[in-house]
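Undergrad: quick one, structure for this:
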Amino acid sequence: MSASPRKLSLPNLASSAGAIVLVGSQTIASAFVTGWAFAGLFHLPTTVAWVIEAVLVCVALYATYWFARQAMRADPPFVPGSKS
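TA: Below you'll find the model as predicted:
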């Protein structure tokens, strides 16, 4: 039993990659800004601000990873090819 041939779908790949880059950049930038805002609001030291930003960026990276998996599931870059 062999796997069915799959071919790369450039439109699917482009739309998924574009959405992932857009959502990922916005999520990570929001994490930095949120850490900076909390540190400024509560007059926290710079080191504490960096720790908060690092934690929030890790959460944002995981959210981006999760979004990428869902985007690839909804719009797969590899589609079944023709049997020839």
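Undergrad: now the helices for the chain?
TA: Along the chain, counting by DSSP state H, helices occupy 10-41, 46-74.
Undergrad: just put those helices in JSON lines and tack on mean pLDDT, distance to Ser82 and mean neighbour count.
TA: Where you see a C-beta, it was placed from the backbone N, CA and C, and this is true even at glycine. Output for the helices of the chain, formatted as JSON lines (pLDDT from 0 to 100; distance: least, C-beta to C-beta, whole Å; neighbours: other C-beta atoms under 10 Å):
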{"stretch": "helix 10-41", "mean pLDDT": "95", "distance to Ser82": "16", "mean neighbour count": "14"}
{"stretch": "helix 46-74", "mean pLDDT": "96", "distance to Ser82": "22", "mean neighbour count": "14"}
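Undergrad: which stretch among those helices comes nearest Pro80?
TA: helix 10-41 (12.3 Å; C-beta to C-beta).
Undergrad: for the closest one, name the packing helices and strands.
TA: helix 46-74 (3 or more C-beta pairs under 8 Å, 6 or more residues apart in numbering; DSSP states H and E).
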